[in-house]
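Undergrad: Sequence plus predicted model, see below.
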Amino acid sequence: MSVYTLPDLPYDYAALEPAMSGDILELHHGKHHAAYVKGANDTLDQLAEARDKGALGGLVGLEKTLAFNLSGHVLHSIFWSNLSPDGGDRPDGDLAAAIDEHFGSFDAFSTQLSTATTGVQGSGWGVLAWEPLGQRLIIEQVYDHHGNVGHGSVPLLVFDAWEHAYYLQYRNVRPDYVQRLWNLVNWTDVTRRFDTARQVPNPLA
Ligand code: FE
């Protein structure tokens, strides 16, 4: 039985146009994300088989494959719900206050997240995360789906910087794609994730 399943998008493939073309979204969700879901499930099956047979010689590769695919599934699931045809603008309330506290201002925050996303070398993500040990927001520059990440941090807003996310539409101009992403951000979703993450007292203590 599969542990992970591909979530439906909360909107149609064409709903995020013109910032994100329907072709890109259909491929990105239906092919790329689906492959990470399958990869995570298949790798769990292979790990179970290896345990059953007492044959753990390939464990290093399986653990890497699990981290890659599982993190890909997690980040894409968050990415879809972070976006909305009615997105854009800025957050308010506690999230706005926390952004001001931890980054100085919304502009300083958005500049750092944009720079983290556009500056990924190769494939990766820019991520706004809640870091529970320090009880603060941080920005992470993630490589592939799982590198350069602080353990325990909870992704709240994620920007996919892989070429598959923009190349068909923006070609090599990743900064233009990232700039347009801000117009799609669903701050209601980000705020919900922020509130949920803060409800856990400190899981790392
Ligand atoms: Fe992607």
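TA: It's in.

Undergrad: residues touching the residue positioned nearest the centre of the chain, list them.
TA: Note on the chain: the residue nearest the mean C-alpha position is residue 75, at 3.1 Å, using C-alpha atoms, centre = their mean. Shown in contact with residue 75 (C-beta atoms under 8 Å, 6 or more residues apart in numbering): 125, 127, 142, 145, 155, 158, 160. Where C-beta positions appear, they are placed from N, C-alpha and C, glycine not excepted.

Undergrad: which of those residues count as buried?
TA: By neighbour count, with 16 or more other C-beta atoms under 10 Å, these hold 125, 127, 142, 145, 155, 158, 160 as buried.

Undergrad: out of those residues, which touch the ion?
TA: residue 160 (C-beta under 5 Å from the ion).

Undergrad: closest to residue 99 among the buried ones among the contacts of residue 75?
TA: Of all those, residue 99 sits closest to residue 127, with 14.2 Å by C-beta to C-beta.

Undergrad: does the residue lying closest to the closest one once chain neighbours are set aside sit in a helix, a strand or a coil?
TA: Spatial nearest neighbour of residue 127, chain neighbours left out: residue 140 (4.4 Å); criterion: C-beta to C-beta, 6 or more residues apart in numbering. Following DSSP: H, G, I helix; E, B strand; the rest coil, residue 140 is assigned to strand.

Undergrad: name the helices or strands packed onto the strand or helix carrying residue 179?
TA: Assigned by DSSP states H and E, residue 179 belongs to helix 174-181. In this structure, helix 174-181 makes packing contacts with helix 106-118, helix 167-170, judged by 3 or more C-beta pairs under 8 Å, 6 or more residues apart in numbering; DSSP states H and E.
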